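Novice: Sequence and predicted structure are below.
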Amino acid sequence: MSAAAVLYSELKLYQSPGSIVIAGQGASHVVSINTDTLEVSATTLQPSGDGRSIAGIVGIINLPLSQYLIIMTEKSEVGQIDGKNTIWKMSKYELIPFREPRSPTEATRSLNEKYLALLHKALCGESFYFSYTYDITHTMQRLANVDESFKSLTFVERADERFVWNRYLMSQLEVCPELAGYTLPIVYGVLSITPCSLFGKSFDFILFSRRNQNRVGVRYFCRGVDEGGHVANNVETEQIVRFGDQIASHVNTRGSIPLYWSQRSNITYKPFVKLFNQETQKDAYVKHMQTQIALYGKNICVSLIDDKGKEKEICNSFTYIANQFPMPGVRYIHFDFHKQCSKMRWENLGILMGQIQEDLDKFGYFYQDGNGATVSLQSGVVRTNCIDCLDRTNVVQGLIAKYVLTRQLRQMGVMGESDEILPNSQFEFVFKNRWADNGDGIARQYTATPALKSDYTRTGVRTRAGLLHDGYKSMQRYVQNNFLDGARQDSYDLFVGNHRYSASEESPLAKPRHPVAFILPTAIAVFFALFVLKLIMPEESWTSQIAHLALYIGVIVALFKQCVVWGDYLVDQPVLYLTLAKAKSE
């Protein structure tokens with residue numbers, strides 16, 4: 001590995017009046033921050049004294065009171081992805097202000113606290129991964145097909161920008177080539193590395209989902225496609241098996257329906273889907289699929305949405321565009337998951353597998369033998385979506401993964417040609433639970449709740465207890481999506497640089513919410529309290545008691561109806577990056 005491609009794994013932080021210095025062990029240059037001039041530069045002047053150890057630099061961000069240095073103070077080891085290189089997860093972080101004004105106004109201080117709260121919200125998720133020695137932004141197949149010039153690039157230069165979540169935060173370091181060893185790419189996703197055994201042979205089972213930072217967002221505030229062909233909830237999932245010196249991997253993708261559409265929270269349980277920009281829907285679809293083909297080769301585009309109810313219109317539009325404007329290398333399949341699998345008919349998933357099995361065989365998978373020679377490559381992917389690209393998608397991706405994994409284990413010699421992954425075996429338990437954990441992790445990042453239907457992913461059986469648990473999680477999603485997700489959307493947009501604070505412009509966070517957002521909930525709380533009080537302390541006259549209770553119930557019902565009318569103002573709306581948060585036609 002060239003010197004340009006080295007990341008420093010042992011760093012020391014030194015703070016003194018007017019200065020912050022970070023030095024990597026053995027580095028010829030150190031990061032020097034002048035906190036008076038706010039200048040970030042590289043210097044060969046080595047610091048003296050005792051510094052404190054840190055795990056890495058996340059980046060630098062400008063907020064109302066100061067610029068802040070974001071550092072990793074602790075990390076935890078996940079495991080070795082290829083038997084040589086260790087993958088880490090960020091465990092703890094710290095925000096260090098460059099400097100603060102001596103007497104800031106209360107408004108500025110309050111605004112800064114709002115920004116800090118959003119930044120903490122983005123950083124607190126335990127899903128940031130990195131490696132000092134291995135490029136985790138690329139799949140095994142991509143890394144096996146690079147030349148020496150690629151290997152000589154710095155980690156941030158050669159990284160897949162889709163998955164570098166701190167690219168914006170590192171911008172002040174990137175301008176100094178001498179600081180390349182400090183620019184640590186961080187991936188947001190879900191990763192598990194599990195030692196396993198099957199038929200008496202030990203191997204590592206690895207599942208890595210990388211979340212695309214383009215068109216980033218949360219469930220009801222980020223849907224569909226943008227002008228660049230980027231879709232919401234776009235995740236690349238790579239399943240890797242390492243047996244001795246042999247490595248095999250297979251990639252699936254998921255992403256929101258690649259049309260212009262929205263489904264904004266409005267207090268109702270399931271908001272209506274709204275299609276817009278109809279005249280350019282075809283262009284959006286084509287641009288996205290062209291990107292998919294360039295990245296992965298041929299695509300089977302599997303749509304699992306309903307062909308009735310609130311999903312009917314977008315289902316028909318997606319099917320029409322995919323069929324009327326066929327693209328070379330793209331095959332579209334609509335499989336109404338809820339219709340086919342209703343009343344516990346989960347065996348009908350075999351119908352879908354039968355439709356894609358031949359293509360899966362043709363696409364193959366990446367396989368590198370024990371001598372390091374590439375034997376086969378994956379030439380296409382299954383791109384799966386439901387309306388959220390979560391629960392139904394998790395089930396189908398798990399089935400595809402098991403089918404491909406069986407073929408991989410046979411070729412690697414873990415299993416015989418006629419062997420199967422036995423039901424209820426220890427490895428099947430690990431496989432199903434890792435895929436269920438993967439689905440839960442992706443769902444938490446998009447909805448802040450675990451995935452639905454995870455009982456089927458974990459056990460292969462849909463249970464009534466699982467249905468009840470899904471009902472509970474659905475209510476959690478309702479509360480989260482309507483009353484908490486605006487801030488989560490803003491936290492994502494702040495972290496990846498969709499919104500950048502500028503002192504010369506009024507911050508959207510400084511604007512107060514509409515008064516109805518406080519008036520209606522307060523009124524409901526007051527009349528509900530009166531209703532409860534009347535039940536606890538009844539009147540002597542039953543006629544008067546019933547009249548008062550009826551009055552309170554009537555007022556509460558009327559107030560709830562007003563909540564539906566004023567739903568857009570009651571919902572916790574994002575404000576920082578409106579081109580993502582709102583459809584252009586709204």
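Specialist: Ah, there it is. Computed from a predicted model, the values in this text were never measured in an experiment.

Novice: Can you dump the C-alpha atoms of the longest helix along the chain in PDB for me?
Specialist: If you go by DSSP state H, the chain has its longest helix at helix 542-565. Output of helix 542-565 as PDB, limited to C-alpha atoms (Å, rounded to 0.1, in the frame of the first residue of the first chain):
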ATOM      1  CA  TRP A 542     -77.000  11.900  36.600                       C
ATOM      2  CA  THR A 543     -78.700  14.100  34.000                       C
ATOM      3  CA  SER A 544     -76.100  16.800  34.600                       C
ATOM      4  CA  GLN A 545     -73.300  14.300  34.700                       C
ATOM      5  CA  ILE A 546     -74.200  12.700  31.400                       C
ATOM      6  CA  ALA A 547     -74.700  16.100  29.800                       C
ATOM      7  CA  HIS A 548     -71.200  17.200  30.800                       C
ATOM      8  CA  LEU A 549     -69.600  14.000  29.700                       C
ATOM      9  CA  ALA A 550     -71.400  14.200  26.400                       C
ATOM     10  CA  LEU A 551     -70.300  17.800  26.000                       C
ATOM     11  CA  TYR A 552     -66.600  16.900  26.600                       C
ATOM     12  CA  ILE A 553     -66.700  13.900  24.300                       C
ATOM     13  CA  GLY A 554     -68.300  16.100  21.600                       C
ATOM     14  CA  VAL A 555     -65.700  18.800  21.900                       C
ATOM     15  CA  ILE A 556     -62.800  16.300  21.900                       C
ATOM     16  CA  VAL A 557     -64.300  14.600  18.700                       C
ATOM     17  CA  ALA A 558     -64.600  18.100  17.100                       C
ATOM     18  CA  LEU A 559     -61.000  18.900  18.000                       C
ATOM     19  CA  PHE A 560     -59.700  15.700  16.500                       C
ATOM     20  CA  LYS A 561     -61.600  16.500  13.300                       C
ATOM     21  CA  GLN A 562     -59.800  19.800  13.300                       C
ATOM     22  CA  CYS A 563     -56.500  18.000  13.800                       C
ATOM     23  CA  VAL A 564     -57.100  16.200  10.400                       C
ATOM     24  CA  VAL A 565     -57.900  19.600   8.800                       C
END
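
Novice: And that helix, what does it pack against?
Specialist: Judged by 3 or more CB pairs under 8 Å, 6 or more residues apart in numbering; DSSP states H and E, helix 542-565 is in contact with helix 516-536. All C-beta spots, glycine's among them, are computed from the backbone N, C-alpha and C.

Novice: Look up how far Met415 lies from Gly83.
Specialist: In this view, Gly83 and Met415 are 20 Å apart by CB to CB, to the nearest Å.

Novice: What of Arg513?
Specialist: Per CB to CB, Arg513 is found 59 Å from Met415.

Novice: How about Ser53?
Specialist: With distances taken as CB to CB, Ser53 is found 45 Å from Met415.

Novice: Which of these two has more residues huddled nearby?
Specialist: Counted by other CB atoms under 10 Å, Ser53 and Met415 do not tie: Met415 has more neighbours, with 19 against 11.

Novice: ok, the more buried one - contacts?
Specialist: Counting by CB atoms under 8 Å, 6 or more residues apart in numbering, Met415 touches 198-199, 406, 409, 421.

Novice: Now secondary structure, pLDDT and neighbour count too, for the residues you listed, in CSV please.
Specialist: Listed next are those as CSV, based on DSSP: H, G, I helix; E, B strand; the rest coil; pLDDT from 0 to 100; neighbours: other CB atoms under 10 Å:
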residue, secondary structure, pLDDT, neighbour count
Leu198, strand, 95, 21
Phe199, coil, 94, 14
Thr406, helix, 97, 14
Leu409, helix, 97, 24
Ile421, coil, 90, 15
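
Novice: residue boundaries of the helices in the stretch 301-450 of the chain?
Specialist: For the stretch 301-450 of the chain, the helices defined by DSSP state H, counting those that start in this stretch occupy 312-324, 337-340, 349-363, 391-412, 426-447.

Novice: what sits up against the third one?
Specialist: Around helix 349-363, the neighbours that count as contacts under CB under 8 Å, 6+ apart are 297-298, 300, 302, 331, 333, 335, 340-341, 378-382, 395-396, 399-400, 403-404.

Novice: And these, which of them are buried?
Specialist: With neighbours counted by 16 or more other CB atoms under 10 Å, the contacts of helix 349-363 contain buried members at 298, 300, 302, 331, 333, 335, 341, 378, 380-382, 395-396, 399-400, 404.

Novice: Just the buried residues of the longest helix of the chain, please?
Specialist: Neighbour-count burial for helix 542-565, counted by 16+ other CB under 10 Å, picks out 548-549, 552, 555-556, 559, 562-563.

Novice: is it true that Val375 touches Asp369?
Specialist: Yes: Val375 lies in contact with Asp369 (CB atoms under 8 Å); the separation is 5.3 Å.

Novice: residues in contact with Val225?
Specialist: 215, 231-232, 256-260, 284-285, 287-288.

Novice: Oops, could you answer that again for His230 instead?
Specialist: By CB under 8 Å, 6+ apart, the residues touching His230 are 212, 214-215, 288.

Novice: let's see it at 10 Å
Specialist: By CB atoms under 10 Å, 6 or more residues apart in numbering, the contact list for His230 reads 162, 212-216, 224, 255-256, 258, 287-288, 291.

Novice: Repeat that for Gly441.
Specialist: Counting by CB under 10 Å, 6+ apart, Gly441 makes contact with 125-127, 189-192, 207, 209, 211, 235, 450-451.

Novice: Got the confidence number for it?
Specialist: Per-residue confidence at Gly441 stands at 96 (pLDDT).

Novice: circling back to that earlier point, possible to save the helices of the stretch 301-450 of the chain as CSV with distance to Asn145?
Specialist: Output for the helices of the stretch 301-450 of the chain, formatted as CSV (distance: least, CB to CB, whole Å):
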stretch, distance to Asn145
helix 312-324, 30
helix 337-340, 35
helix 349-363, 16
helix 391-412, 19
helix 426-447, 26
